[in-house]
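Enquirer: Take this sequence and fold it.
(2 chains)
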Amino acid sequence: MTLRLFNTLSRELEDFVPFEEGVVRMYTCGQTVYDDVHIGNARTYAFWDTLRRYLEWRGFRVFHVQNITDVGHLTDDADMGTDKVEAAARDEGLEPMALVERQLGRYYRDMVDLNVERHYVEPRATCHVQEMVETVEKIVDNGYGYVVDGNVYFDVSRFDEDYGYAEMSGMDPGELEAKPRVKEDPLKRNSADFALWLKAPEEHIMRWRSPWSTGYPGWHLECTTMARRYLGATIDIHGGGKDHVFPHHPNERAQAIAATGKELANYWIHAGFLTIEGEKMSKSKGNFYTAREVIDDLGGDSLRLYFASSHYRKDADFSFEDVEQAEAGVERIRRALGRLESAEGGRETYLRREIQVMRNDFTEAMDDDLDTPLALQAVFRFVRESNKSLDNRREVLLEASDAIRKVCGVLGLQLDREVEVDSGVVDILLEQRERLRDEGRFDEADEVREELLGMGIEVQDTDEGFRWTAT
RNA sequence: GCCAGGGUGGCAGAGUGGUAAUGCAGCGGCCUGCAGAGCCGCCUUUCUCCGGUUCAAAUCCGGACCCUGGCUCCA
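Expert: Numbers count the residues shown, from 1 in each chain, chains lettered A, B, ... in the order given. Below you'll find the model as predicted:
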């Protein structure tokens, strides 16, 4: 069995073979920290996290770099050079870097609650401008860039002739036309060309020195430069949202090849969108939720299970109801773990075979381009098996719970519950209830149960006595 | 217009030629003092529509309809 990934470059499922045996170098496009992480961003970052954890499950050593963009590139109007970070900072009356630091804090809090692991390196764009300038110099030296009035542009038609530009997106550079709403930069030779370096207008705060002008880098440059800086000339996996299929990734790729003659990445992976009521969420329509509000409402595990329950390349239509469904699924898994870990066990060992079945099914599903919904099927099937198998030896039950935790861990589930209760009081009430039940005073026993429920303690009676969980 | 991807049962969502996974919700049963959880069964001859290929199609071919995204801000 080998892992197969859908490579946007070939539009086919391909066997995944890393450049160096046993090691995976991956780079994914990260957050521009001028605003809060929304659930669409969260889905994509959670997916990279699952991909990375799965590669590790498969035995690879993974170097995963995800950038932090702390400078805003351009907004709608390509000519004006307005910077998103700068614009957001102005709106809030903050210095740009103060805004960045605040948003970065919020970003990390979201990632922690989503159980997205820290990345190997999290390079910041503003720390690498000098290296971006060097990339542009190489591109110009190799004849793929041209300078006009302090600006530098990438010559797409020249690149297309030499290497082919349309491979990933299917977009023919000759047929590219700017949308009517975009004011075409008159300094470009062709519509398909894009900026490598732009001269900063007087009022522009973000500005760096370069051989061509005091200005700022084109927005495709940071990934090209930082991926190579930390992972080497050709990386294994480059990921991003599917909106990057064009123009961002073809341009990154073109820059990298133009600068060094080497392919930037062997596998290009693109994640689908989360929509709301069938429409892409966007700031202007206001139809989006922040990851924070969903996490606060339903918890990180619910969100991770919700994400895992649809395939990463497919668009998914977000609704709170669906996350609530996922929450119920998380509870089902948690209860099964509770049973396995607290049961006394018996003498059987047949559950061991089922553990192996689950692991195999899980791996097979994940090998098929990270089919997490199918992988979940294996988990839930095993949950049912284990619920029926508490007559197995205790060590087997613990193996089973460990297997569930590991497999769910790949999907980013933590499955632990915060318990903050005064166990002394709880124990007294539980004891009291048992006594009342023994005496047949059920009405009073039920009152105690209600009282416990009010404290967040749910009591359940089982064959082996009562059990309680914190809600 | 050009490029890309979709339409599966109440909901979500797998499934690329051979009885439609799995989860959620609902209903019935077992269990229970009751409840919950758990287990068993049902909802489920149907996969947007129309043709075709095949012993056999949600799955392959042809056509239609509908939806979403990208086309230089975007996960």
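Enquirer: So what does A:Y27 have for phi and psi?
Expert: phi -130, psi 130 (degrees, to the nearest 10).
Enquirer: mind checking pLDDT for it?
Expert: On the pLDDT scale, A:Y27 is placed at 95.
Enquirer: Tell me, how many residues neighbour it?
Expert: 31 (other C-beta atoms under 10 Å). (C-beta placed from N, C-alpha, C; glycine too.)
Enquirer: So what's the residue count around the spatially closest residue to it that is not a sequence neighbour?
Expert: In space, A:Y27 comes closest to A:A227 once its chain neighbours are excluded; the distance is 4.1 Å by C-beta to C-beta, 6 or more residues apart in numbering. Residues near A:A227, counting by other C-beta under 10 Å, number 26.
Enquirer: Which secondary structure state is assigned to the closest residue in space to A:A271 that isn't next to it in sequence?
Expert: Here the nearest residue to A:A271 in space, its sequence neighbours aside, is A:T44; by C-beta to C-beta, 6+ apart that works out to 4.6 Å. Here A:T44 is helix, with the state taken from DSSP: H, G, I helix; E, B strand; the rest coil.
Enquirer: Quick check: phi and psi at the residue of chain A found nearest RNA strand B.
Expert: Using C-beta to the nearest atom of the strand, A:G241 is the residue of chain A that sits closest to RNA strand B, at 1.3 Å. The phi and psi values for A:G241, taken as degrees, to the nearest 10, are phi -70, psi 160.
Enquirer: and it, how many neighbours does it have?
Expert: 19.
Enquirer: what residue ranges in chain A score low on pLDDT?
Expert: For chain A, the stretches flagged by pLDDT under 70 are A:72-82, A:174-184, A:283-284, A:417-421, A:464, A:471.
Enquirer: buried stuff in the top helix by length along it?
Expert: Counting by DSSP state H, the longest helix found in chain A is helix A:320-342. For helix A:320-342, a neighbour-count test (16 or more other C-beta atoms under 10 Å) marks A:323, A:326-327, A:329-330, A:333-334, A:336-340 as buried.
Enquirer: Wondering if that helix reaches RNA strand B at all.
Expert: Yes - using C-beta under 7 Å from any atom of the strand, helix A:320-342 reaches RNA strand B at A:321-322, A:324-326, A:328-329, A:332, A:335-336.
Enquirer: How about the residues of the stretch 151-300 of chain A by RNA strand B?
Expert: Residues of the stretch 151-300 of chain A lying near RNA strand B (C-beta under 7 Å from any atom of the strand): A:156, A:169-172, A:175-179, A:182, A:191-194, A:219, A:240-248, A:251, A:271, A:273-275, A:278-282, A:288.
Enquirer: Those residues in helices, which ones?
Expert: Filtering these for helices - DSSP H - leaves A:156, A:248, A:251.
Enquirer: Could you find the closest non-adjacent residue to the second one?
Expert: Here the nearest residue to A:H248 in space, its sequence neighbours aside, is A:H220; by C-beta to C-beta, 6+ apart that works out to 5.9 Å.
Enquirer: SS state for A:G409?
Expert: Quick answer, by three-state DSSP: A:G409 is helix.
Enquirer: near RNA strand B, anything from the helix or strand containing A:R405?
Expert: Using DSSP states H and E, A:R405 maps to helix A:394-410. No - Helix A:394-410 stays out of contact with RNA strand B when judged by C-beta under 7 Å from any atom of the strand, the minimum separation being 12.8 Å.
Enquirer: For that helix, name the packing helices and strands.
Expert: helix A:39-57, helix A:320-342, helix A:351-367, helix A:372-387 (3 or more C-beta pairs under 8 Å, 6 or more residues apart in numbering; DSSP states H and E).
Enquirer: can you list those in a markdown table and add distance to A:Y312?
Expert: As requested, the helices and strands packed on helix A:394-410 are exported to a markdown table (distance: least, C-beta to C-beta, whole Å):
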| stretch | distance to A:Y312 |
| --- | --- |
| helix A:39-57 | 5 |
| helix A:320-342 | 15 |
| helix A:351-367 | 11 |
| helix A:372-387 | 7 |
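Enquirer: Make JSON lines out of the ones in helices among the residues of the stretch 151-300 of chain A next to RNA strand B and add neighbour count.
Expert: Converted to JSON lines, those look like this (neighbours: other C-beta atoms under 10 Å):
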{"residue": "A:V156", "neighbour count": "25"}
{"residue": "A:H248", "neighbour count": "18"}
{"residue": "A:N251", "neighbour count": "27"}
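Enquirer: which of those residues lies closest to A:A87?
Expert: A:H248 (20.0 Å; C-beta to C-beta).
Enquirer: on that earlier part again, is the residue nearest to A:H248 in contact with A:A256, as I believe?
Expert: No - between A:H220 and A:A256 there is no contact under C-beta atoms under 8 Å: 9.7 Å.
Enquirer: who touches both of the two?
Expert: With contacts taken as C-beta atoms under 8 Å, 6 or more residues apart in numbering, A:H220 and A:A256 have no neighbour in common.
Enquirer: got the contact list for stretch A:50-61?
Expert: Stretch A:50-61 is contacted by residues A:3, A:18, A:22-24, A:26, A:62, A:64, A:117, A:237, A:239, A:269, A:308, A:363, A:366, A:370, A:372, A:406, A:409-412 when judged by C-beta under 8 Å, 6+ apart.
Enquirer: Give me the distance between it and the centre of its chain.
Expert: The chain centre lies 14 Å from the centre of stretch A:50-61; the measure is C-alpha atoms, centre = their mean, to the nearest Å.
Enquirer: Might you report the residue contacts of A:E86?
Expert: A:72, A:96, A:204-206.
Enquirer: Can you give me the distance of it to A:E95?
Expert: From A:E86 over to A:E95 the distance is 10 Å, taken as C-beta to C-beta, to the nearest Å.
Enquirer: Next, count neighbours for A:Y120.
Expert: 16.
Enquirer: and it, what does it touch?
Expert: A:62-65, A:230.
Enquirer: What does it show for phi and psi?
Expert: Phi and psi for A:Y120, reported as degrees, to the nearest 10, are phi -50, psi -50.
Enquirer: how about the nearest residue to it, chain neighbours excluded?
Expert: A:F63 (4.7 Å).
Enquirer: Just put the contacts of A:E86 in TSV and tack on neighbour count and secondary structure.
Expert: Converted to TSV, those look like this (neighbours: other C-beta atoms under 10 Å; DSSP: H, G, I helix; E, B strand; the rest coil):
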residue	neighbour count	secondary structure
A:G72	24	coil
A:P96	21	helix
A:H204	17	coil
A:I205	15	coil
A:M206	20	coil
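Enquirer: what's the closest of those to A:L303?
Expert: A:G72 (27.3 Å).
Enquirer: Quick check: buried residues in stretch A:285-296?
Expert: So for stretch A:285-296, counting by 16+ other C-beta under 10 Å, buried means A:288-292, A:294-295.
Enquirer: before we move on, the earlier item: which of the contacts of A:Y120 has the largest number of neighbours?
Expert: For those, neighbours tallied by other C-beta under 10 Å; top is A:H64, 25 neighbours.
Enquirer: Strands of the stretch 51-200 of chain A, residue ranges please.
Expert: Listed in chain order, the strands of the stretch 51-200 of chain A (DSSP state E, counting those that start in this stretch) span A:61-66, A:145-148, A:151-154, A:194-199.
Enquirer: rewinding a little: so what's the residue nearest to A:Y120 bridging to?
Expert: A:R25 (DSSP bridges).
Enquirer: hang on, it packs against A:V23?
Expert: Yes - counting by C-beta under 8 Å, A:F63 does reach A:V23; the two are 7.1 Å apart.
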